[in-house]
Each structure stands twice: as C-alpha cells, then as structure tokens.
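**Q** I'd like to go over a predicted model; first the sequence, then the structure.
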Amino acid sequence: MFLPSFGASFHRIKVEIGGDGQGTDGSEACFMRYPDTNKAQFNKGYAWWLLLEAKKRNPNIETYALAESWPRWVNGNASMNVGPLDAPKLSALYITTWVKGARDVYNITIDWVGLWNEHWEADDVMFAYIVELRSQLDAAGLTDTKIIGPDAFAGSAETL
C-alpha cells in the first residue's frame, strides 16, 4: 500500500492523534491523559504502528496527524460548551508533545499537523491556537512541521 510505484502507492499518510473519543474508524487511545508531558505514553493506539509500517515501506512518505478528539484536561475540564482550541496553550502542548513523541520515540518526522478534525471555531480562537501551536512546535525544535488550517479561515497566512 505504501511502496512507491506499486499497488496503491500512497505518498502521504494521515493518522489520528487519539484522545479516547470516537474517530472516523473507531477510537484511538489517548497518549496523555494528564497535562504532564512526563506521563505521556507513546505506546498506545495503532497510529504508531501504522506510521512505522508506512515508513518501513517508503521512508519518504509524507506524514500528517490530526486530532479528532481530545482528553478532557485540554479544555481546562470546563463545560462541553468550551472547546479545546479555547485553551490554546493546553491544546498546543498536547499536539506538540505527540509530534515530539513521534520524533523522539519512533524517529518519525511529522510533516503536517491539522487543527481539529471537522470542527470550526471563531477566527480569533483559531488564530490564537495556530500562533501558540507554531510557537510551541518551534520551541521544541519542530520547525519543519507545517500547520494545516481550514480553507475558509479568514486569517491570512501572511498574518500568521
């Protein structure tokens, strides 16, 4: 499936950053159930296995990761009316820790991260989260990881 010029010959793989919630094809386990990066567990879920298998078959495959659900602590344990992107520092910590885990534990570079699957937030919320995520990725030495935002986002790339 991931071999170049053979079969489906995929050149990009997209995986879910699990948050213990229902995703597209089932639930992907949460790797960090508490806001403590020292307790992150990078052996949970099938995304790691899938990334490793894809890289084994095609070392140049591009990687993309996206959160479909989040652990409750990311929104400060607030009511369900508050989304995880409303707490940009915590959301960015969660995503950055996952991307660092891919690099440090599995030697996999994540080329792109998305914001939040099939969710839309107000422009100011999206903007604040993107800026914080970029800042945390850069501080972690993940300057080559790009951020994918929604097509309809009114905030321009030049502003970011």
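**A** Sure, I can see it. Please read all numbers here as calculations on a predicted model, not as lab measurements. Numbers count the residues shown, from 1 in each chain.
**Q** which residues touch the longest helix seen in the chain?
**A** Secondary structure of the chain per DSSP state H: the longest helix is helix 88-106. Contacting residues not belonging to helix 88-106 are listed as 17, 31-32, 35, 37, 40, 42, 48, 51-52, 63, 65, 67, 70-71, 73-76, 84-85, 108-110, 113, 125, 128-129, 131-133, 135-137, 140, 142, 145 [Cβ atoms under 8 Å, 6 or more residues apart in numbering]. The way it works is simple: take the backbone N, C-alpha and C, and place the C-beta from them, glycine included.
**Q** 7 Å instead, please
**A** 17, 31-32, 35, 37, 40, 42, 48, 51-52, 65, 67, 70, 73-74, 76, 84-85, 108-110, 113, 128-129, 132-133, 136-137, 140, 142, 145 (Cβ atoms under 7 Å, 6 or more residues apart in numbering).
**Q** so which of the residues you listed sit within strands?
**A** 17, 65, 67, 113 (DSSP state E).
**Q** low-confidence ranges in this structure?
**A** Along the chain, the model assigns pLDDT under 70 to residues 1-10, 22-26, 76-82, 117-122, 151-160.
**Q** related to what we said a few turns ago, most neighbours among the ones in strands among the contacts of helix 88-106, please name it.
**A** residue 17 (29 neighbours; other Cβ atoms under 10 Å).
**Q** pretty sure that residue contacts residue 65?
**A** Yes - taking Cβ atoms under 7 Å as the definition, residue 17 is a contact partner of residue 65 at 5.1 Å.
**Q** which ChimeraX command selects the buried ones in the contacts of helix 88-106?
**A** Isolation of the buried members of these (16 or more other Cβ atoms under 10 Å) is achieved in ChimeraX through the command below:
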select :17,31,32,40,42,48,51,65,67,70,73,74,84,85,108,110,113,128,129,132,133,136,137,142,145
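**Q** quick one: which of the contacts of helix 88-106 sit in helices?
**A** Per DSSP H, the contacts of helix 88-106 map to helices at 48, 51, 52, 128, 129, 132, 133, 136, 137.
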